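Student: my questions are about this predicted structure, shown below with the sequence.
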Amino acid sequence: MSNPVVLVDTTKGEFLVELFADKAPLTVANFLSYVDDDFYVGTLFHRVVKGFMIQGGGLDNMMREKPTRPPVVNEAANGLENLEGTVAMARTADPHSACAQFFVNTVDNPDLDHKGEDEFGYCVFGQVIDGMDVVKKIEKVRVKPQGDHEHAPADQVSINSITRFE
């Protein structure tokens, strides 16, 4: 059985992500439940840090957090690393708090990898397989503080949709 692929359509272009259901089954099932419910339509890439990552999937165009399902168990011990182009779940300081928000690593980020119970890491569950140029375009947008968000794009970068790609 091959891994599912999703198309991320943004105001800056599209990119394809292969989801590693074989390595992060709970995380991929959680993510796809949001995809299938059109949860991501109209959300933003609300945090963009050059030389680090782009984060989105949880805030609407008014920078309000959307209500989510309960968190998913952190599968960061799956052996996948936070390398350039990988997609991982965003979370709070609680290692098992990831819900809908995700990020794309724009560089290798070994500090985000699972190192044990004291350094649980961030669960990688996908890889950009086409359109990394779009991710890099998003990474280059001008940012400014907006409310509690220090690295918000000055001009919003919206997620038009995330859909299963056949």
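Tutor: Perfect, thanks for sending it. Numbers count the residues shown, from 1 in each chain.
Student: tell me how many other residues surround Val8.
Tutor: For Val8, the neighbour count with other CB atoms under 10 Å is 28. C-betas here are computed from N, CA, C, even on glycine.
Student: pretty sure it is touching Phe15, no?
Tutor: Yes: if you go by CB atoms under 8 Å, Val8 and Phe15 touch, sitting 5.2 Å apart.
Student: any common contacting residues for those two?
Tutor: Shared contacts of Val8 and Phe15 (CB atoms under 8 Å, 6 or more residues apart in numbering): Gly131.
Student: how about Ala77: what's its closest non-neighbour residue?
Tutor: His114 (4.8 Å; CB to CB, 6 or more residues apart in numbering).
Student: that neighbour and Ala88, how far apart?
Tutor: Separation of His114 from Ala88 (CB to CB, to the nearest Å) stands at 11 Å.
Student: which one's more surrounded, these two?
Tutor: Higher neighbour count among His114 and Ala88: Ala88, with 27 against 21, using other CB under 10 Å.
Student: pretty sure that one sits against Asn105.
Tutor: Yes: with contact defined as CB under 8 Å, Ala88 and Asn105 form a contacting pair (6.8 Å).
Student: could you tell me which residues touch both of the two?
Tutor: Asn82, Leu112.
Student: looking at the chain, which helix is longest?
Tutor: In the chain, assigned by DSSP state H, the helix with the most residues is helix 25-36.
Student: tell me the contacts of the residue nearest the centre of the chain?
Tutor: Nearest to the geometric centre of the chain sits Phe102, at 2.2 Å (CA atoms, centre = their mean). Neighbour list for Phe102: Phe31, Gln55, Gly56, Gly57, Val87, Ala88, Met89, Ala90, Phe125 [criterion: CB under 8 Å, 6+ apart].
Student: among those residues, which one lies nearest to Met63?
Tutor: Nearest to Met63 among the contacts of Phe102: Gly56, at 11.7 Å, using CB to CB.
Student: how about the closest one, phi and psi?
Tutor: Dihedral angles of Gly56 (phi, psi; degrees, to the nearest 10) stand at phi -160, psi -170.
Student: retrieve the pLDDT associated with it.
Tutor: Predicted confidence (pLDDT) at Gly56: the value is 98.
Student: how about the helices in the protein?
Tutor: 25-36, 132-139.
Student: ranges for the strands of this structure?
Tutor: Secondary structure of the chain (DSSP state E): strands at 5-10, 13-19, 43-49, 53-56, 86-89, 102-105, 124-130, 143-146, 149-153, 158-164.
Student: what bits of the protein have low per-residue confidence?
Tutor: Confidence mapping of the chain against pLDDT under 70 gives the ranges 1.
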